[in-house]
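*Asks:* Build me a model:
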Amino acid sequence: MRLSLNLLPLAWAEARMSAHGRRSGSRTFGTLLPHFRLTDTGLTPVPHQTTTAENPVTVPLRPTPMDLTMHDMAQSYPSISQTIGVILHLEGTSPTLSELRAYVGSHLKSQPRLTHYLSGPGLKARWHCDPAPDLTHRVREQRLPSGTQHLDAALTGLVAHSLPAEGPLWDIWLLAGYAPERYSVCLRAHHSSQDGLGLIGTLTALFGSAPAPAKRPALRAGAGTYLSTVRDMLTASATNSAWNDPDRPLTGRRDITWAEVPTQRLRHAATARGGDTNDGFLAALSGALRTWTAQSWPRGTDRPLPAITMVNLRRAEEHDRPGNYFTFAPAPLPCHEPTAEGRLDRVIAATRTTKDPAHHKAMRSVMNLVPARAFHALATRLTTPDRASISTSYVAIHRPLRYKQDPVTRLQPFTWLPRHQPASIVACSYNGTTSVCFVTNTALPGLDRLSGLFHDAVGDLPRPNDDPQASSRAEQLPHAGPTLPVPATARDTAAVVDFDFIKGILVHQGNLSAESITRQATKEEAGIDSLAVTELSMILEERLGVVITEHELTKPTTMEDLVNLVAQRAASSPRRENAQEQGPHPQQTGRPHAVPEA
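*Replies:* Modelled structure (predicted):
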C-alpha cells in the first residue's frame with residue numbers, strides 16, 4: 001500500500017503537467033524535474049553528448065530506474081547472471097578472428113551500446129564511456145571438433161560464462177569447425193546495459209540494416225490511463241502463491257532449452273482471431289504449462305498462472321541508446337482454459353492494453369517519473385517467492401542478416417532467470433522460424449521438458465477455417481536461407497498496382513488468407529500485422545523501386561485505402577518513371593537494402 005501511495009501522485013502529476021504544457025506551451029519543468037523536459041510524447045530525460053564532435057551520440061543524462069535496478073541487483077546477487085544474448089547461425093567460410101575484430105571495431109563509434117556501461121554503487125551508478133574497449137577480450141573464438149553436439153555444448157557453456165569484468169559489458173564469440181561451410185557468432189551483453197530490443201538493435205547494426213524508426217504521432221493519455229498503468233504495475237507484483245512450495249523452494253540453479261516452430265503457425269492461428277504472433281506464442285506457452293501442471297505441479301492446476309510480459313517503450317530517437325527502455329505488464333497465462341481456442345482468445349484480450357499507444361505513453365511517463373528507489377522496491381517484490389511470475393518476451397527481426405556475403409539462416413535467443421523466479425522465456429522470429437528459449441528453475445520437477453511440451457502445444461493451436469492445411473505446408477517447407485533482394489535490373493517496372501496486385505503480395509509472400517482480403521476489409525480483418533506490413537514494404541521497394549515505409553503503410557484503415565496509397569506513390573515515383581522511359585537499370589535507394597554488403 002505504501003508503494004502504491006508513492007506511485008499514484010506521480011501518475012496524477014504527469015497527467016496534470018501534460019495538460020498544463022499543452023495549454024501554456026511550456027516545455028520545461030526545471031525547478032520540479034531538472035533532468036526531464038515535457039515533450040509531445042510525455043516526460044523525457046534530457047540527453048547529453050558523450051562522444052566526439054565527429055561522431056556525436058546522445059545518451060541519457062541519468063540511467064533509467066530499470067537500468068539502476070538491474071545494476072543494483074547484479075551487485076547484490078553476483079551469482080545470478082544477467083547475461084542475455086543471441087546466437088547467429090551462418091552459411092559460408094568462417095572469418096578469421098582478426099577479420100571479425102576489425103569488422104566489429106569499425107562499428108564502435110556509431111554504437112554507444114558497445115562503448116557505454118554503468119559504474120558506481122547500486123542506485124547511484126552513472127553512465128561511463130570507453131570509446132575504444134579492448135577487443136582482445138571482447139571478440140574471441142572457439143574452434144570446435146566436428147559435430148553439432150559440440151556446438152550445442154559450447155553454446156550452453158557460453159550462456160553461463162562470465163562477461164568481461166571491466167568496461168562495457170558485452171562480448172562476441174566466433175564458433176567454427178563443427179560443420180563444413182558453417183559457423184556461428186554469439187553476441188552477449190549484460191542486461192543493465194542492453195535490453196532485448198537494444199540487443200536486437202546492436203545485432204542489426206552489426207549484421208544487417210533497417211530503416212530508421214519512424215517517429216510516432218503524439219498521443220494524449222488521460223488520468224485514467226495513468227492510474228490504470230500504475231494499477232497494472234502493482235497487479236504484476238501482487239501475491240499469487242503459485243510457486244512458494246516450502247518443500248521445493250526456488251533456487252538459483254537453472255536449465256536452458258530451445259524449441260523452434262514455424263512462425264506462420266503461430267501467426268495464422270492468432271491473426272484469424274484478431275491477435276498477432278506474440279499472442280500465438282503466449283497461447284501455445286499456456287497450453288504447454290497446462291500439460292506440465294497436470295503432470296508435475298498440482299499447485300498450478302486449473303488456474304491462470306501469473307506471468308508478466310515485457311513492453312518496449314523505446315522511442316524513435318532512442319533507438320541507439322544503451323540501457324533499458326521497457327517495462328513489465330501483467331499477462332496471466334490462461335492455463336485453466338481446456339481448449340486451445342479459449343486460451344488464444346483470453347491471451348488476445350489480456351494483451352490488448354499493452355498494444356495501446358496511449359498506454360505506452362503512460363507507461364513511459366510513469367517509468368520516467370518514478371524514483372529509482374520506488375521502482376527498485378517494486379521490482380524487488382517480484383523476486384520474492386510469494387509474488388514470483390513467469391517472465392515472457394517476444395521480438396521479431398523482419399529483415400535478413402548477414403556477415404559480409406554470408407547469410408544468417410537462423411537465430412537462437414537466450415535470456416536470464418531473475419532470483420526466485422520459476423521460468424524466463426524469450427521468443428524471436430526470424431526467417432520464417434520462431435526460436436524460443438526456456439530458462440527454467442531446476443527446483444520445479446519436469447519443467448525442463450517445457451520446450452517439448454511447447455512444440456506439441458503449437459500443433460494444437462486452431463487452424464484458419466479457410467485453409468486447414470496451411471500450417472502443415474509451412475511445417476513441410478523449411479527455409480534454407482533469407483529471402484534476398486531482387487536485383488534492380490529484375491524489377492517489374494510495368495506492373496499494374498491495383499487491388500489484385502497488393503492482394504497477391506499479401507497472400508503469396510505474406511501468407512495471409514485470400515478470403516479475408518476484400519476491398520472494404522480493415523487491416524485487422526485482413527490479418528495484416530507488422531510482419532505483413534514489413535514484407536509488403538520490402539517487396540514494393542525491391543520489385544518496383546517504390547519506397548514506402550512500414551509506418552506509412554500502417555496509416556490506411558481499409559484495404560482499398562492501402563491500395564490507393566501504393567498506387568499514388570507508385571505513379572508519382574520518379575524512379576519508376578525513369579525506369580519506364582529508359583528501361584531497367586541499377587538504382588540507389590534513399591533507404592538501404594535489406595541486406596547491404598559490408
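*Asks:* hey, let's count contacts and neighbours off CA atoms from now on
*Replies:* Noted.
*Asks:* got the contact list for Cys428?
*Replies:* Listed by C-alpha atoms under 8 Å, 6 or more residues apart in numbering, the contact set of Cys428 reads 394-397, 411-413, 434-436.
*Asks:* Equivalent analysis for Ala176, please.
*Replies:* 94, 142-144, 182-184.
*Asks:* Which members of the residues you listed occur in strands, if any?
*Replies:* 142-143, 182-184 (DSSP state E).
*Asks:* of all those residues, which comes closest to Cys335?
*Replies:* Nearest to Cys335, judged by C-alpha to C-alpha, of the ones in strands among the contacts of Ala176 is Ser184 at 36.3 Å.
*Asks:* What's the separation between the closest one and Arg113?
*Replies:* 22 Å (C-alpha to C-alpha, to the nearest Å).
*Asks:* Which two of the ones in strands among the contacts of Ala176 have the greatest separation?
*Replies:* Gln142 and Arg182 (13.7 Å).
*Asks:* If you count surrounding residues, which of these two has more?
*Replies:* Arg182 (16 against 13; other C-alpha atoms under 10 Å).
*Asks:* Just give the closest residue to the more buried one, not the sequence neighbours.
*Replies:* Spatial nearest neighbour of Arg182, excluding adjacent residues (C-alpha to C-alpha, 6 or more residues apart in numbering): Glu91 at 4.6 Å.
*Asks:* wouldn't the one you found be in contact with Val408 here?
*Replies:* Yes: contact status for Glu91 versus Val408: in contact at 6.8 Å, counting by C-alpha atoms under 8 Å.
*Asks:* okay, the two: which has more neighbours?
*Replies:* Ranked by neighbour count (other C-alpha under 10 Å), Glu91 and Val408 place Val408 first, with 25 against 21.
*Asks:* Thought Val86 was touching the more buried one, still the case?
*Replies:* No: if you go by C-alpha under 8 Å, Val408 and Val86 don't touch, sitting 12.0 Å apart.
*Asks:* wait, what's in contact with the residue nearest to Arg182?
*Replies:* Applying C-alpha under 8 Å, 6+ apart, we find Glu91 in contact with 181-183, 406-409.
*Asks:* pLDDT value on it, please?
*Replies:* Model confidence at Glu91, given as pLDDT, is 97.
*Asks:* again, but for Pro464
*Replies:* Reported pLDDT for Pro464: 77.
*Asks:* do the same with Thr522
*Replies:* So Thr522 comes in at 89 (pLDDT).
*Asks:* contacting residues for the residue lying closest to it once chain neighbours are set aside?
*Replies:* Leaving aside its sequence neighbours, Thr522 sits nearest to Thr558 (C-alpha to C-alpha, 6+ apart; 4.2 Å). Thr558 makes contacts with 519-523, as judged by C-alpha under 8 Å, 6+ apart.
*Asks:* Output those residues in TSV; the columns should cover distance to Arg315 and neighbour count.
*Replies:* Formatted as TSV, the contacts of Thr558 follow (distance: C-alpha to C-alpha, whole Å; neighbours: other C-alpha atoms under 10 Å):
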residue	distance to Arg315	neighbour count
Arg519	33	16
Gln520	32	13
Ala521	30	16
Thr522	27	19
Lys523	24	19
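*Asks:* from the residues you listed, which two are the most distant?
*Replies:* Longest span within those, C-alpha to C-alpha: Arg519 and Lys523, 10.4 Å.
*Asks:* where do the contact lists of the two overlap?
*Replies:* 558-559.
*Asks:* On the three-state scheme, the most centrally placed residue in the chain is what?
*Replies:* A centroid search over the chain (C-alpha atoms, centre = their mean) returns Val395, at 2.8 Å, as the residue closest to the centre. When classified by DSSP: H, G, I helix; E, B strand; the rest coil, Val395 comes out as strand.
*Asks:* Spit out the contact partners of it.
*Replies:* Val395 touches 196-197, 427-429, counting by C-alpha under 8 Å, 6+ apart.
*Asks:* same question, Ala514
*Replies:* Neighbour list for Ala514: 503, 507 [criterion: C-alpha under 8 Å, 6+ apart].
*Asks:* Then it would be within a strand, right?
*Replies:* No: counting by three-state DSSP, one finds Ala514 to be coil, located in no strand.
*Asks:* quick one: low-confidence ranges for this structure?
*Replies:* Residue ranges of the chain with pLDDT under 70: 1-61, 210-219, 465-495, 509-511, 542-545, 573-598.
*Asks:* Residue ranges of each domain in it, please.
*Replies:* 227-243+254-318+333-475, 488-582 (automatic domain parsing).
*Asks:* just how off-centre is the shortest one within its chain?
*Replies:* Pointing back at domain 488-582 there. Relative to the centre of its chain, domain 488-582 is centred 25 Å away, using C-alpha atoms, centre = their mean, to the nearest Å.
*Asks:* What residues does the closest residue to Pro145 other than its chain neighbours make contact with?
*Replies:* Nearest non-adjacent residue to Pro145, counting by C-alpha to C-alpha, 6+ apart: Tyr178, 5.5 Å away. Tyr178 makes contact with 143-148, 150-151, according to C-alpha under 8 Å, 6+ apart.
*Asks:* Sounds good, over and out.
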